[in-house]
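A.B. asks: Coordinates only, no sequence provided:
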């Protein structure tokens, strides 16, 4: 069994990688398999395993998705117009990373155990799979960035997804020179780190 | 750094625990702290850290939440009326587990970086925190069960949550005699395990 203290240090060493950090080095097939196996070892509501993974290496599709990002980020820049910092942030690594993975949630036609009251549980299962992928990638020295500044409809069209599919995460994966010690948005003082006290309450 | 193969075995050893498996043994304060520290080491969109953790040990509140479950599960039983198995499933451990944790998402009043296009990203950040908690608990030999058959509004009222809070997960934690080798719903043939081939597609 893993040592809890070591595991906490490991969890803290995971980074969201977006800046021009990706090396020009492909991800080996067996490592991709490990990342995908980690994904499907995640918990899922009613053992529904409602996940789908679309591995994207095609340059044309990546370019199309990059344009999708650009359009959405222009809108975001207007929302953050007061921030000089936002404009200069690098918020994706779609073209620089050798591998992109679109992680989808497939809605079920039938009732799913555990989803009768809370309808988002299927989506949440897929998020657990993403977190497993992120951690497995980290053990392999592979960096991952989660891109969320995308138009979902357009993205699903670009990858020819089924009508019942929903986009949960768009991931960019690749090797990096090194993992930074802290989240970039913390280092840049975009937001402060919250303490445990700020987010925990007891009912005893 | 963790060994990838060992880490995969570890991920596979995580279980959702609901049956009458919880031992009458409290969770030590320092172990709870480790689980909470794992939670806030999760990634969050725009470094927003939009999570809140309500630790519930009060028996009256637990009883109230158990009744919430009972009402919702009666509805679910009607949905799964054709299934003899559903009726007999134990789907929560609210009263048997020494510790319950309600994990909430706090909506921000301001625009959040990375949430301008995909509005669910904040909720997804909180799910990543839950998965970190689940894994940290496993390293400590502590079992966790995620209860989703609950009325969200009623639950939030029971724990006197703020108006802007949303329920992401209701967790039951405690020690167990042993962790089962496989997901119970797999063992009971509720659903088959999906292979990687069934959920992976390549665009090369």
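C.D. replies: Cool, got the structure. Just so we're clear, the structure is a prediction, and the values are computed from it rather than from any experiment.
A.B. asks: use CA for all of it now, contacts and neighbours both
C.D. replies: Will do.
A.B. asks: Tell me where chain A has strands.
C.D. replies: A:51-56, A:99-106, A:142-147, A:165-175, A:200-203 (DSSP state E).
A.B. asks: can you list those strands in a markdown table and add mean neighbour count and mean pLDDT?
C.D. replies: Shown next, in a markdown table, are those (neighbours: other CA atoms under 10 Å in any protein chain shown; pLDDT from 0 to 100):
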| stretch | mean neighbour count | mean pLDDT |
| --- | --- | --- |
| strand A:51-56 | 22 | 98 |
| strand A:99-106 | 23 | 98 |
| strand A:142-147 | 24 | 98 |
| strand A:165-175 | 23 | 98 |
| strand A:200-203 | 14 | 98 |
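A.B. asks: now these in JSON lines, with distance to residue A:156?
C.D. replies: Formatted as JSON lines, the strands of chain A follow (distance: least, CA to CA, whole Å):
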{"stretch": "strand A:51-56", "distance to residue A:156": "11"}
{"stretch": "strand A:99-106", "distance to residue A:156": "9"}
{"stretch": "strand A:142-147", "distance to residue A:156": "14"}
{"stretch": "strand A:165-175", "distance to residue A:156": "7"}
{"stretch": "strand A:200-203", "distance to residue A:156": "38"}
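A.B. asks: can you redo the ones you listed as TSV with distance to chain B?
C.D. replies: Below are the strands of chain A laid out as TSV (distance: least, CA to the nearest CA, whole Å):
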stretch	distance to chain B
strand A:51-56	5
strand A:99-106	9
strand A:142-147	8
strand A:165-175	9
strand A:200-203	5
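A.B. asks: Among these, which comes closest to residue B:183?
C.D. replies: Closest approach to residue B:183 among those (CA to CA): strand A:51-56, 17.0 Å.
A.B. asks: strand partners of that closest one, parallel vs antiparallel please.
C.D. replies: Partners of strand A:51-56 in the sheet, by DSSP bridges, are strand A:99-106 (antiparallel), strand B:200-203 (parallel).
A.B. asks: Redo those as CSV? Include distance to residue B:180.
C.D. replies: Shown next, in CSV, are the strands paired with strand A:51-56 (distance: least, CA to CA, whole Å):
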stretch, distance to residue B:180
strand A:99-106, 27
strand B:200-203, 28
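A.B. asks: so which of the strands of chain A comes closest to residue B:107?
C.D. replies: strand A:200-203 (16.1 Å).
A.B. asks: now that closest one, how far from the centre of its chain.
C.D. replies: 29 Å (CA atoms, centre = their mean, to the nearest Å).
A.B. asks: how about the strands of chain A, which one is nearest residue B:154?
C.D. replies: Using CA to CA, these put strand A:200-203 closest to residue B:154, at 16.3 Å.
A.B. asks: tell me the contacts of the residue nearest the centre of chain A?
C.D. replies: Central residue of chain A (CA atoms, centre = their mean): residue A:146, 3.3 Å from the mean position. Shown in contact with residue A:146 (CA atoms under 8 Å, 6 or more residues apart in numbering or on different chains): A:16, A:92, A:169, A:170, A:171, A:172.
A.B. asks: Go through the residues you listed and say which is closest to residue B:3.
C.D. replies: Among the contacts of residue A:146, and counting by CA to CA, the member closest to residue B:3 is residue A:16, at 20.7 Å.
A.B. asks: Check the spacing between the closest one and residue A:39 real quick.
C.D. replies: Between residue A:16 and residue A:39 the distance is 17 Å, computed by CA to CA, to the nearest Å.
A.B. asks: ok, the two, which is more surrounded?
C.D. replies: residue A:39 (29 against 24; other CA atoms under 10 Å in any protein chain shown).
A.B. asks: Give me the number of neighbouring residues for the residue nearest to that one when sequence neighbours are not counted.
C.D. replies: Nearest in space to residue A:39, with sequence neighbours left out and distances taken as CA to CA, 6 or more residues apart in numbering or on different chains, is residue A:129 at 4.3 Å. Number of residues near residue A:129 (other CA under 10 Å) recorded here: 25.
A.B. asks: Verify the stated contact: residue A:129 with residue A:41.
C.D. replies: Yes - taking contacts as CA atoms under 8 Å, residue A:129 lies within contact range of residue A:41: 7.3 Å.
A.B. asks: picking that back up, between the strands paired with strand A:51-56, which gets nearest to residue B:85?
C.D. replies: strand A:99-106 (24.6 Å).
A.B. asks: quick one: the closest one to strand A:142-147, angle?
C.D. replies: 50 degrees (axes from the mean of the first three to the mean of the last three CA atoms, to 10 degrees).
A.B. asks: Wait, residue A:156 touches residue A:167, no?
C.D. replies: Yes - if you go by CA under 8 Å, residue A:156 and residue A:167 touch, sitting 7.1 Å apart.
A.B. asks: Quick one: residues contacting residue A:39.
C.D. replies: A:128, A:129, A:130, A:131, A:132, A:133.
A.B. asks: Could you tell me which helix of chain A is the longest one?
C.D. replies: helix A:59-79 (DSSP state H).
A.B. asks: elements contacting it?
C.D. replies: helix A:152-158 (3 or more CA pairs under 8 Å, 6 or more residues apart in numbering or on different chains; DSSP states H and E).
A.B. asks: Not counting its own residues, what contacts the helix it packs on?
C.D. replies: Contact with helix A:152-158 is made by A:61, A:64, A:65, A:68, A:165, A:166, A:167, B:118, as judged by CA under 8 Å, 6+ apart.
A.B. asks: Lovely, talk soon.
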